[in-house]
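S.K.: From the sequence below, what's the structure:
(one chain, ligands or ions: 1)
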Amino acid sequence: MSEVDLSGEKGWQPFDAPALVGSSLRFVSGDPEGDRFRVSYYRKPDSALVARIWFGPETEGPPEHAHGGSMAAVLDEVLGLAAWSAGYAIVVANLNINFRCLLPIMQVVQVDTEIVSVDGRKVLVRGKIWDGQEKVYTEADCLCIEIQAV
Ligand SMILES: CCCCCCCCCC(=O)SCCNC(=O)CCNC(=O)[C@H](O)C(C)(C)COP(=O)(O)OP(=O)(O)OC[C@H]1O[C@@H](n2cnc3c(N)ncnc32)[C@H](O)[C@@H]1OP(=O)(O)O
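M.R.: Predicted coordinates for the structure are as follows:
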């Protein structure tokens, strides 16, 4: 497969996910040369986690477009990781997804995240997969629950 440009924007800092949560996080981001997903994580200047993600041919669902489950897997990982990167050791309890537009495969898209609220052990993270300009493919609310130990 040809080179995929996952570079971030000016002011974004590369974020080392395995350094924070360990190398078990491989389902989405564990095969950076593969034909499924290729992912690079960054922190924005406001410290929000952001990802640049390439959906490869093995994520195909509808012809030439991403499988809904592949988008769900990406949102599970990125939104959960957003909570970890904000200092909360969590697992995902509920992931509510709206699929807005078919997502063409073989292109790089962006996942933006936002910590919406923290209420005791409950951390609500909101995110979207979009083109980074205007087109939103998928939106999600992710309820994360803090755990004592992994
Ligand atoms: C290790 C590195 C990982 C880093 C990367 C993260 C990205 C990957 C994210 C994942 O894929 S994690 C794997 C998928 N998730 C799971 O398998 C979670 C399975 N579920 C559980 O382990 C437990 O259900 C859970 C820890 C989430 C909660 O069980 P607890 O017994 O600890 O909590 P409890 O049931 O008492 O609920 C605590 C609060 O959360 C609320 N809650 C729990 N589950 C909920 C739910 N599903 N919907 C709404 N609210 C929920 C619950 O009502 C309560 O609210 P209040 O404090 O206000 O009373």
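S.K.: The lowest-mean-pLDDT helix or strand in the chain: how far from the chain's middle?
M.R.: One helix or strand of the chain scores below all others by mean pLDDT, DSSP states H and E: helix 17-21, with a mean of 90. Its chain's average C-alpha position is 14 Å from that of helix 17-21, according to Cα atoms, centre = their mean, to the nearest Å.
S.K.: does that helix come close to the ligand?
M.R.: Yes - counting by Cβ under 6 Å from any ligand atom, contacts between helix 17-21 and the ligand involve Val21. For every residue, glycine as well, the C-beta is placed using N, CA and C.
S.K.: Need the CA coordinates for the helix or strand just after that helix. CSV is fine.
M.R.: On the C-terminal side of helix 17-21, the nearest following helix or strand under DSSP states H and E is strand 37-43. What follows is strand 37-43, C-alpha atoms only, in CSV (Å, rounded to 0.1, in the frame of the first residue of the first chain):
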residue,chain,number,x,y,z
PHE,A,37,-6.4,1.2,10.1
ARG,A,38,-3.4,3.5,10.3
VAL,A,39,-3.5,6.0,13.1
SER,A,40,-1.5,8.9,14.5
TYR,A,41,-2.5,10.6,17.8
TYR,A,42,-1.8,14.2,18.7
ARG,A,43,-2.7,16.7,21.4
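S.K.: Next secondary structure after strand 37-43?
M.R.: Strand 37-43 is succeeded, C-terminally, by strand 49-55 (DSSP H and E).
S.K.: gap between Ala51 and Pro45?
M.R.: 16 Å (Cβ to Cβ, to the nearest Å).
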